[in-house]
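K.L.:
structure, please.
(3 chains)
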Amino acid sequence: MPRITTESLLQMYRAMLETLGPSRWWPAQSPFEVAVGVILTQNTTWGNVEKAIANLREHDLLTPGRMATVTDEELERHIQPSGFYRQKTRNLRAFLNFLDEADGFDFIGLERWETPELRDRLLKVKGIGPETADSILLYALGRPVFVVDAYTARICHRHGLVPEDVGYDELQALFTDRLPEDAVLFNEYHALLVRVGKDWCRKKKPLCAACPLNGMGLEPAWSVLDR
DNA sequence: CTCCTGTACT
DNA sequence: AGTACCGGAG
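P.N.:
The predicted model follows:
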């Protein structure tokens, strides 16, 4: 395994930022809307989530208090285009209950918890796993938490930085152990990795020659391991 | 490991 | 038609 340094991670960051420009994440009008988008986008393309969000906005359901008033059937209908709509309705309901019990639907009231405790509490909510919890912490609450995902794993694995079956915490530590604890940096870094993962470091037929991360002196491990 | 689900892309 | 999608639960 190659030695990974702070400078090499920052070099990757700069390469992506220079090529792609800033990402302006998370696209939403409130912290609650961010959290809803985070939950809806689990294993789902963002375009489908946008349709669901648009439905919710049309019906003025993008606040915890308003969303809590509708039935499961109505919520299912609105978020249907984002897929997994029965599960996600349960997940949204569980998150609403969490907000209600935590702070009476005042999303900003979550500020009273330090990040590690708030993360533990989020992870106890059914439907909220590590990536969803961290995305809410970073993109809804501005906490300096580095979000990793399948794209991050794929990109890092193909550059020989981690094994293919790297776990969430281990992959996250790769970045948090070496980068300054900066929410603005973490926000943009994850956004850039997702964009690279979608458009260049694709699962099949990766476009390595045109990739923003091409020619960084990293080992293209994928080329000899799989296809 | 399988299931969950709709949509868009190849 | 097959595949992939800003995962998580059982």
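K.L.:
quick one: A:A28 from A:R57, how far?
P.N.:
10 Å (Cβ to Cβ, to the nearest Å). Placement of C-beta: from N, CA and C, glycine included.
K.L.:
more neighbours: those two, which one.
P.N.:
The neighbour comparison of A:A28 against A:R57 (other Cβ atoms under 10 Å) goes to A:A28, with 17 against 13.
K.L.:
next, the buried residues of the top helix by length along chain A.
P.N.:
Counting by DSSP state H, the longest helix found in chain A is helix A:85-103. When neighbours are counted by 16 or more other Cβ atoms under 10 Å, the buried residues of helix A:85-103 are found to be A:85, A:88-96, A:98-99, A:102-103.
K.L.:
near DNA strand B too, which of those residues?
P.N.:
Filtering the buried residues of helix A:85-103 for neighbours of DNA strand B using Cβ under 7 Å from any atom of the strand leaves A:Y85.
K.L.:
the buried residues of helix A:85-103 into CSV, with extra columns for pLDDT and distance to A:V184?
P.N.:
CSV is the format used below for the buried residues of helix A:85-103 (pLDDT from 0 to 100; distance: Cβ to Cβ, whole Å):
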residue, pLDDT, distance to A:V184
A:Y85, 98, 34
A:K88, 98, 29
A:T89, 98, 33
A:R90, 98, 34
A:N91, 98, 28
A:L92, 98, 28
A:R93, 98, 32
A:A94, 98, 30
A:F95, 98, 25
A:L96, 97, 29
A:F98, 97, 27
A:L99, 96, 26
A:A102, 91, 26
A:D103, 82, 26
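K.L.:
of the buried residues of helix A:85-103, which is the nearest to DNA strand B?
P.N.:
Taking Cβ to the nearest atom of the strand as the measure, DNA strand B sits nearest to A:Y85 out of the buried residues of helix A:85-103, at 5.6 Å.
K.L.:
what sits against that closest one?
P.N.:
Applying Cβ atoms under 8 Å, 6 or more residues apart in numbering to A:Y85 gives the contacts A:76, A:79.
K.L.:
what separates it from DNA strand C, distance-wise?
P.N.:
Distance from A:Y85 to DNA strand C, counting by Cβ to the nearest atom of the strand, to the nearest Å: 11 Å.
K.L.:
again, but for A:Q172
P.N.:
Separation of A:Q172 from DNA strand C (Cβ to the nearest atom of the strand): 11 Å.
K.L.:
burial count for the residue of chain A found nearest DNA strand B?
P.N.:
Distance from DNA strand B to each residue of chain A (Cβ to the nearest atom of the strand) is smallest for A:G83, at 2.0 Å. For A:G83, the neighbour count with other Cβ under 10 Å is 17.
K.L.:
for A:D60, phi and psi?
P.N.:
When quoted as degrees, to the nearest 10, the phi and psi of A:D60 stand at phi 60, psi 50.
K.L.:
can you pull up the most central residue in chain A?
P.N.:
A:S135 (4.6 Å; Cα atoms, centre = their mean).
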